[in-house]
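*Asks:* below: sequence and its predicted model.
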Amino acid sequence: VRLVESGGGLVQSGGSLRLSCAASGFSISNYDMTWYRQVPGKERELVATITSTSGSANYADSAKGRFTISRDNANNVMYLQIDSLKPEDTAVYYCYAGRSQFGLKFAYWGRGTQVTVSS
């Protein structure tokens with residue numbers, strides 16, 4: 001079971017990136033999927049989540065308007081489109097898959113992809 005993030009890199013302020021989270025060993029169709037980010041010395045912050053059932057998305061206030069989360073269940077991939085990047089978006093971005101069934105919790109993390117935004 002793996003989650004692998006990709007698409008990070010160094011971009012200038014105002015640019016865009018699309019992060020991907022590819023799952024293997026399980027189907028994301030049954031999981032709520034979430035993007036988090038973390039800056040060294042700070043707590044991991046929830047950025048956006050997309051549900052398994054309706055595909056509805058919810059965003060942190062800091063992500064509203066510039067971030068778009070989406071999922072492709074057929075290809076077992078989740079995405080995060082980030083537009084109008086700002087230096088404060090610099091962080092390691094992690095994907096997370098979670099679901100609960102019959103009182104059991106299933107949760108998987110990726111290892112992260114670095115996003116660095118230069119001013």
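*Replies:* Structure received.
*Asks:* isn't L46 right up against Q38?
*Replies:* No. Contact between L46 and Q38 fails when scored by C-beta atoms under 8 Å: they sit 10.6 Å apart. (Each C-beta comes from the backbone N, C-alpha and C, glycine too.)
*Asks:* go ahead and flag the most central residue of the protein.
*Replies:* In the chain, the centroid-proximal residue (C-alpha atoms, centre = their mean) is W35; its distance is 2.5 Å.
*Asks:* got the contact list for it?
*Replies:* Contacts for W35 were tallied using C-beta atoms under 8 Å, 6 or more residues apart in numbering; they are 19, 21, 46-49, 67, 69, 78, 80, 93-96.
*Asks:* swap in 7 Å and give it another go.
*Replies:* Contacts for W35 were tallied using C-beta atoms under 7 Å, 6 or more residues apart in numbering; they are V47, A48, I69, L80, Y93, C95.
*Asks:* list just the nearest of the residues you listed to L3.
*Replies:* For those, the minimum distance to L3 (C-beta to C-beta) is 5.3 Å, reached by C95.
*Asks:* wait, doesn't that closest one sit right on L3?
*Replies:* Yes. The pair formed by C95 and L3 meets the contact definition of C-beta atoms under 7 Å, at 5.3 Å.
*Asks:* neighbour count for those two, which is higher?
*Replies:* More neighbours sit around C95 than around the other of C95 and L3, counting by other C-beta atoms under 10 Å; the figures are 29 against 23.
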